[in-house]
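Undergrad: I'll drop the sequence and a predicted model, then ask my questions.
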Amino acid sequence: MSSFDAGQNLGEIKMNKTIMALAFVVLCSGFVFAAVNPAVVNEINNSKWTNTASGTSVVLEGGNVSATDLGVNTSTEKWAGAFGEITGNLILAQNGDANFLYNWTLTAPDAGEVCVTTNSGATWTNLAALTGIGQVDTAYGFTAGDTDSATNTMTGSTSFDIGTFVGLTLDSLTDNAGWNTGVVGLNGAGSAVPDDLAFCVHIDSSGTDYQGDASDYEVMMPANETVSITETYYFYAELV
């Protein structure tokens, strides 16, 4: 994959709890990659859910008592998401060279993962599962008892092979389209700040996003829950 679906700016992305679906270029250096590669990102669009329904009413007469059930949705302020297509190349070139001696197009990669983190200089040499999912709540300042806290959202587990780390069993969440987002510590198991955490999802070229459209990945990540405060997330990918 060489272009990642999801921006207007290359490099970093400012995200409201509303995430930007992004696109990036990944340059690969081998058949099986030893590390996750940073990605250049292009935003396609972004939006935040708002309730557009008009209020309904009940007609009452003096002396009436009305049994009235209400239905209402409220947007989370703790989570954002991204999804999109991935294309890329397996290339032969010198370090940092923009000119390739040879390249092989990967039309439908079915292995590897997409990871997002607030760490612009993330390294992938000391990965570990967290000692407890409460570390995510601590890192982002969430109250663990809230309905949409990490503690109450990332209740599953998923196995990942990331770089040279094989069989990592990560705390995970499963979204409505069936994508499993796992959280990994970038600096060992004791990470409790955003820059020490990465949120990863397996690549699946036959997948669909939550709207039912074709998508190679769909990932969720925490965000600052203060209204109008943004997060900057960086995208990485490993193609195998």
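TA: Perfect, thanks for sending it.
Undergrad: In three-state terms, how would residue 152 be classified?
TA: helix (DSSP: H, G, I helix; E, B strand; the rest coil).
Undergrad: Contact partners for it?
TA: Going by Cβ atoms under 8 Å, 6 or more residues apart in numbering, residue 152 touches 144, 145, 146. Every C-beta, even on glycine, is put in place using the N, C-alpha and C of the backbone.
Undergrad: and the first one, how many neighbours?
TA: Read that as residue 144. Other residues lying near residue 144 total 13 when counted by other Cβ atoms under 10 Å.
Undergrad: pretty sure it is touching residue 151, no?
TA: Yes: when contacts are counted by Cβ atoms under 8 Å, residue 144 is listed as touching residue 151 (4.4 Å).
Undergrad: residues shared between the contacts of those two?
TA: 134, 137.
Undergrad: how many other residues sit next to residue 151?
TA: For residue 151, using other Cβ under 10 Å, the count is 19.
Undergrad: Now do it against residue 194, distance only.
TA: 16 Å (Cβ to Cβ, to the nearest Å).
Undergrad: in this protein, which spans are helices?
TA: Here the chain has its helices, by DSSP state H, at 134-140, 150-153.
Undergrad: Run through who's touching the first one.
TA: Residues from elsewhere that reach helix 134-140, judged by Cβ under 8 Å, 6+ apart: 78, 130, 142-144, 149-151, 154, 171, 183, 185, 190-194, 196-197, 222-225.
Undergrad: Throw together a ChimeraX command that grabs the buried residues out of these.
TA: Entered in ChimeraX, the line below selects the buried ones among the contacts of helix 134-140, by 16 or more other Cβ atoms under 10 Å:
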select :78,130,142,149,150,151,154,171,183,185,191,192,194,196,197,222,223,224,225
